[in-house]
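K.L.:
predicted model, plus sequence, below.
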Amino acid sequence: MPLFLIHMYYARRKNERALVNDIAGVLFFCSGGLASCWLGTGTLDGWAWFIFSQSALFFIGSSFYVKSVIRERKNSAFAYWSWGYHLLLPFLSSLLGAGWAFLAYIPSSLRAWFFHGRDWPVKTIGILEIVNACFFFAVMCMFITR
């Protein structure tokens, strides 16, 4: 419900592309993993919260990156926030118990630092995000099933 209220607030202000609204959307969709665990097992164990937190970290980073190369590309302060988030991203993952799965965030961090400022079409950025998400998914699957 609180995430829905955030969406309503930004919709009323006609500012649906705000970063806080994006983060609320990410958290809302990541909570689908929590719901799946709850429906499947009847509990929310450590794995459920692990999946939620790692997915949220990844997709919030994706929101930062896409905004910094498309919507906010002329905003240098936003670029610094994105770079800082991606600098901390592997460490945040490790602190949340990801072990070697922090490797899933390395491509995200590298693309945030080295692809910023390139004049790529939106389609190319989208394709790279899909490839990055597939890499993240593969590493997380290996981590979870080990």
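P.N.:
Sure thing, it's come through. Residues are numbered from 1 along each chain as shown.
K.L.:
quick one: which helix or strand includes the spatially most central residue of the chain?
P.N.:
With distances taken as C-alpha atoms, centre = their mean, the residue of the chain nearest its centroid is residue 59 (1.4 Å). Of the helices and strands defined by DSSP states H and E, residue 59 is found in helix 46-66.
K.L.:
contacts for the next helix-or-strand element following that helix?
P.N.:
Sequence-wise, the next helix or strand downstream of helix 46-66 (DSSP H and E) is helix 76-95. For helix 76-95, contacts defined as C-beta atoms under 8 Å, 6 or more residues apart in numbering pick out 54, 57, 60-61, 64-65, 67-68, 72-73, 101-106, 108-109, 112-113, 116. For the C-beta atoms, the positions are set from N, CA and C on the backbone; glycine is no exception.
K.L.:
for the nearest residue to residue 129 once chain neighbours are set aside, list the residues it contacts.
P.N.:
In space, and not counting its chain neighbours, residue 129 is closest to residue 62: 6.1 Å by C-beta to C-beta, 6 or more residues apart in numbering. Contact analysis of residue 62 by C-beta under 8 Å, 6+ apart lists 108, 129, 132, 133.
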